[in-house]
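In: everything below, folded, please.
(chains A and B)
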Amino acid sequence: MAAILDVKGLSAWYGPIRALYDLDLTIEQGGVTALLGANGAGKTTTLRAICNMTRRAGTTTFDGKDISKFTTEDIVRLGIGQVPEGRGTFTGLSVDENLRLAFHIRKDRAEAMRDMDLVFELFPRLKERIKQQAGTLSGGEQQMLAVGRALMLAPRLMLLDEPSFGLAPLIVQEIFRILKRINVEKKVSMLIVEQNAALALELADHVYLLETGRVVTQGPSELVKNDETLRKAYLGY
Amino acid sequence: MEFFIQQLVAGLTSGAIYACVALGLVMIFVSTDHINFAQGEMAMFATYLAWAMIDVGFSYWMAFVCAVLLAFVGGLFIQRVILKPLETAPVLSLVVCFIALLSFFNALAGMLWSFTIKPFPTPFPPKDIFGNGLVSAQQLGIVAVTVIMLGILTVFFRYTTLGLAMRAAAQNASSARLMGVRVSWMLALGWGLAAAIGAVAGMLVAPIVFLDPNMMTGILVYGFAGALVGGIGNPMGAVAGGFIVGVLENLVGSYLIGNELKLSFALAMVVGVLLLKPAGIFGQVIVRRV
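Out: Presented below is the predicted three-dimensional model:
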C-alpha cells in the first residue's frame, strides 16, 4: 500500500520551547493510525505541525506532494480535514452554517449536498438541532459537529484530536462507531490522537507511541496490544 | 408637535449616516478588534473622488457607484499593503498607523482639491414629500439609500457562502483556516466593505455639511458613539445605535442644550455607555474563564 501521508524529521516549537524532535511518521492509504502518549508528549503538536499551524521544520508529503511550505488553508483544500482540540465550534453560527461553511471551498455543489445528507444520516442529532446556535450544543453534539465539519471538506485524510475528550462513555462509543464507518465506507484515512488508549487501539491498525516529543516505538496495533510491558509503561492498563 | 416630528425626521436622517459610519467601524472591529480611526477620512476621500468624477461629466449615480467601487478596492489595498505586515504588531503601533492614515488622507485631499469648502450635488429633488413641511425628499432619500445598503449587506452575510466565510473568520480564525477559509483575505474584504460603506455615508452627508477635508471629523465621533451605544461587536446593534444617537442628539440639541453642544453630547454618550454598560445596549458581555 502506498502512504497517503509521509512525515520526515518533523520538529515543532511553541515560541522558544521545542515540542517535537525529528518525528518520522507514515500513514497508509485507508489506514487508521493512533498517536498515543501522556500529556505533553507532543500529540496535538504533531497534528498542528502537519497542518502548519505552528512553527515547524521537516518535510510533510501528502499523496506524493510536498506540502511542508503550504498554508493551513491550502493543506485543508488538498484534502486533510482536522478535528481540532477543543472542537473549534463556531459558537455564533447555527449548526447548519457550521456545516455549510465548507461550501466555500467545494466546487462540486451537488456532491457537497450529498455529503451534508451523509453527515445528518451519521449524526441524526445534528439534524434535529439544525437551526440552533452551535454554542448551545452539548459537548458530545459539538464533537459530532466537529467531525461533521471535517467530513464536509471531503477529506482523504482526517486528523482527529481526542474525539473522546470530556464525553460520556456512550457518546464516545457512538462517535468511534461512526469514525469506523467513515473510514470503511468513505475510505478516509485517519490519524487519531487519544488519551483513551484502549479505545484508540480498537479502531487503529497502526500505533505510534510518543514521549516528550519523540517516537518511543511504533508498529501494528496488535503488537502494542499484546506487549504487556509497553502497555503498562505507556498506556497505563 | 410639528416641530417635534421635524426634529425626529432630521434625527433619523443624520442617524442613517451615523449608522453607516458605525457599521464601517464594526465591520473592522469584529474581525480584528481594532478601531479604524481613518474611517471618516477614507469616506471623505471617496466623496472627493465622486466629486471629481461628477466634475468631469459623470452622472451622479455613475459617480456614486464608481466611488463605492474605488473605495472598496482602496480598503482592500490598505489592508493588504499596510496592515497585513503589521498583523502581529502591538496594538499601539496599529493605533499610530490608523492616525497616520487619517492625516495622510486629510492632507492628500487638501493637496489635490484644496481646503476650501465645495458644494456637493444631491440626487434628490428639493421637494417636500407629503406637502406639509415634515419630510423632505433629501431626508427620505438618505434613509432609503441606507436601508437598501443594509438590506444588501444582510443578504450578503446571511445567504452567501462568502459572507458566511467572513463571519466564520471573524468568529474563530484558526477554526476557519481548518475549514479552508483564507482568513487574511477575509480581513481584506472586511476592510473593502467598510471603506465602501464609508463612501456611501460620505456622499450622503456631503450635500448637507458641504465637501471639505474635515467634513467627517464630527461625524466620526457620532458614528463612534453609535457603535458604542449599540454594542461595538454587533453590526445590527451598531446600526440601531447610529439611529438612536442621531435622534437623541437632535432632540436633546433642540429642546435641552442647544445645537452648539450637540457634539459634546455625543462624547458624553460615549463616556456614559463606557461607564454604565460597556458592552452597549445590544452587545454581548464576553465572559472569559480564567
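In: wait, what's in contact with residue 49?
Out: Assuming you mean chain A. A:10-12, A:20, A:56, A:58 (C-beta atoms under 8 Å, 6 or more residues apart in numbering or on different chains). For the C-beta atoms, the positions are set from N, CA and C on the backbone; glycine is no exception.
In: sorry, should have said chain B
Out: Residues in contact with residue B:49 (C-beta under 8 Å, 6+ apart) are B:66-67, B:70-71.
In: of these, closest to residue A:31?
Out: Set against residue A:31, the nearest of the contacts of residue B:49 by C-beta to C-beta is residue B:71 (52.4 Å).
In: quick one: neighbours of the residue of the stretch 151-290 of chain B at minimum distance from chain A, just the number.
Out: Nearest residue of the stretch 151-290 of chain B to chain A, counting by C-beta to the nearest C-beta: residue B:175, 3.5 Å away. Residue B:175: 24 surrounding residues under other C-beta atoms under 10 Å in any protein chain shown.
In: what about the residue lying closest to it once chain neighbours are set aside, neighbour count?
Out: Spatial nearest neighbour of residue B:175, chain neighbours left out: residue A:88 (3.5 Å); criterion: C-beta to C-beta, 6 or more residues apart in numbering or on different chains. Using other C-beta under 10 Å, residue A:88 is surrounded by 23 other residues.
In: hey, where'd the strands end up in chain A?
Out: Under the criterion DSSP state E, chain A contains strands at A:3-14, A:17-28, A:32-37, A:55-62, A:65-66, A:80-83, A:157-161, A:189-193, A:206-211, A:214-220.
In: sheet partners, orientation included, of the fourth one?
Out: When you say that, I think you mean strand A:55-62. strand A:3-14 (antiparallel), strand A:65-66 (antiparallel) (DSSP bridges).
In: okay, buried residues for the first one please.
Out: In other words, strand A:3-14. A:3-7, A:10-12 (16 or more other C-beta atoms under 10 Å in any protein chain shown).
In: with pLDDT added, can I get those in TSV?
Out: As requested, the buried residues of strand A:3-14 are exported to TSV (pLDDT from 0 to 100):
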residue	pLDDT
A:3	89
A:4	93
A:5	94
A:6	94
A:7	93
A:10	94
A:11	93
A:12	94
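In: quick one: which two of those residues are the most distant?
Out: Spatially, the most separated pair among the buried residues of strand A:3-14 is A:4 and A:11, at 21.7 Å (C-beta to C-beta).
In: and stretch B:154-164, end to end?
Out: 11 Å (C-alpha to C-alpha, to the nearest Å).
In: how many neighbours does residue 222 have?
Out: As the question left the chain open, I've gone with chain A. Using other C-beta under 10 Å, residue A:222 has 12 other residues around it.
In: meant chain B, my bad for not saying
Out: Using other C-beta under 10 Å, residue B:222 has 28 neighbouring residues.
In: just confirm it is within a strand.
Out: No: assignment of residue B:222 by DSSP: H, G, I helix; E, B strand; the rest coil gives helix, placing it outside any strand.
In: which residues touch it?
Out: Shown in contact with residue B:222 (C-beta under 8 Å, 6+ apart): B:14, B:18, B:21, B:242, B:245-246, B:249, B:263, B:266.
In: ok so, going back, just say which of the strands of chain A is most tucked in.
Out: Mean neighbour count (mean count of other C-beta atoms under 10 Å in any protein chain shown) peaks for strand A:80-83 among those, with a mean of 28.
In: neighbours of residue 180, how many?
Out: If you meant another chain, say so; for now it's chain A. Going by other C-beta under 10 Å, the residues that sit close to residue A:180 add up to 14.
In: right idea, wrong chain: chain B
Out: Residue B:180: 22 surrounding residues under other C-beta under 10 Å.
In: that one: which element?
Out: Using DSSP states H and E, residue B:180 sits within no helix or strand.
In: how about residue B:164?
Out: According to DSSP H and E, residue B:164 maps onto helix B:161-171.
In: let's have the contacts of residue A:49 in CSV, adding distance to residue A:156.
Out: Output for the contacts of residue A:49, formatted as CSV (distance: C-beta to C-beta, whole Å):
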residue, distance to residue A:156
A:10, 20
A:11, 25
A:12, 23
A:20, 24
A:56, 21
A:58, 21
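In: closest one of those residues to residue B:191?
Out: Nearest to residue B:191 out of the contacts of residue A:49 is residue A:56 (C-beta to C-beta; 30.0 Å).
In: residue B:94 contacts residue B:85, correct?
Out: No: Residue B:94 lies out of contact with residue B:85 (C-beta atoms under 8 Å); the separation is 11.3 Å.
In: look at these two and report which has more neighbours.
Out: It is residue B:94, of residue B:94 and residue B:85, that has more neighbours when counted by other C-beta under 10 Å, with 19 against 9.
In: which residues does that one contact?
Out: Residues counted as contacts of residue B:94 (C-beta under 8 Å, 6+ apart) are B:34, B:83, B:86.
In: three-state assignment of the first one?
Out: Classification of residue B:34 by three-state DSSP places it in coil.
In: what's the closest non-adjacent residue to it?
Out: Residue B:34's closest residue in space is residue B:94 (C-beta to C-beta, 6+ apart), at 5.7 Å.
In: okay, and the one you found sits in which element?
Out: helix B:91-113.
In: list the buried residues in that helix.
Out: Under 16+ other C-beta under 10 Å, the buried positions of helix B:91-113 are B:94, B:97-98, B:101-102, B:105-106, B:109, B:113.
In: which of those sits closest to chain A?
Out: Distance to chain A, by C-beta to the nearest C-beta, is smallest for residue B:94 among the buried residues of helix B:91-113, at 21.8 Å.
In: per-residue confidence, the closest one, what does it come out as?
Out: Residue B:94 carries a pLDDT value of 91.
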